[in-house]
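Chemist: Sequence isn't available, so here's the structure alone:
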């Protein structure tokens with residue numbers, strides 16, 4: 001790679017690293033795994049820099065990140081450590097209601113299947129249109145719409161249960 005291409009790549013990495021890391025975190029729910037996925041994406045992007053610059057660079061980078069997260073999720077059953085569906089209860093201390101709501105939403109998001117989670121993150125967190133999301137995920141717009149509908153329906157159900165649990169905890 002020539003020096004000017006290398007400089008362009010460095011600028012791109014500096015500009016997009018945070019955004020890609022947030023996207024990966026929202027899909028996998030772990031900052032360390034998100035960082036690993038972004039690093040893998042940048043290594044692969046470096047190797048394909050000339051081709052990727054001609055096509056949709058952001059979509060290509062997001063696609064690599066999502067593939068890394070999905071591949072890591074598929075390999076997760078080989079690991080000795082197992083994550084649980086619920087975090088251990090800890091006193092929240094003096095946190096605002098917004099923090100508690102954010103944690104509730106993040107926990108509910110973590111319960112979604114990985115493809116539904118990816119669609120929800122791309123559509124509503126990264127504010128990507130249906131067509132761009134389909135391009136990133138290499139699927140049809142109909143699949144994006146159906147995965148979005150299923151994911152939102154599941155999230156609503158999970159969040160409704162959480163609200164009822166919180167109300168019951170207050171009243172008892």
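Modeler: Perfect, I can see it now. No experiment lies behind these values; they were computed from the predicted model shown.
Chemist: Now do the contacts for the one residue sitting closest to the centre of the chain.
Modeler: Nearest to the geometric centre of the chain sits residue 27, at 2.3 Å (Cα atoms, centre = their mean). Counting by Cβ atoms under 8 Å, 6 or more residues apart in numbering, residue 27 touches 34, 66, 69, 114, 117-118, 121. (Glycine included, C-beta is placed from N, CA and C.)
Chemist: These, buried ones only, as a ChimeraX selection?
Modeler: Here is the ChimeraX selection string for the buried members of the contacts of residue 27, based on 16 or more other Cβ atoms under 10 Å:
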select :34,66,69,117,118,121
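Chemist: Among the contacts of residue 27, which ones are in strands?
Modeler: Within the contacts of residue 27, no residue falls in strands by DSSP state E.
Chemist: Now go through the contacts of residue 27 and say which are in helices.
Modeler: Residues of the contacts of residue 27 located in helices (DSSP state H): 34, 66, 69, 114, 117-118.
Chemist: I'd like these laid out as CSV, including pLDDT and distance to residue 23.
Modeler: Shown next, in CSV, are those (pLDDT from 0 to 100; distance: Cβ to Cβ, whole Å):
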residue, pLDDT, distance to residue 23
34, 92, 8
66, 91, 8
69, 88, 9
114, 92, 13
117, 93, 11
118, 93, 9
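Chemist: Can you give me the domain assignment for the chain?
Modeler: 1-78, 95-172 (automatic domain parsing).
Chemist: In a markdown table: those domains, plus distance to residue 87.
Modeler: Shown next, in a markdown table, are these (distance: least, Cβ to Cβ, whole Å):
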| stretch | distance to residue 87 |
| --- | --- |
| domain 1-78 | 10 |
| domain 95-172 | 7 |
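Chemist: And those: which comes nearest residue 84?
Modeler: Judged by Cβ to Cβ, the one of the domains of the chain that comes nearest to residue 84 is domain 95-172, at 10.6 Å.
Chemist: Just checking the distance from the closest one to the centre of its chain.
Modeler: With Cα atoms, centre = their mean, to the nearest Å as the basis, domain 95-172 stands 11 Å off its chain's centre.
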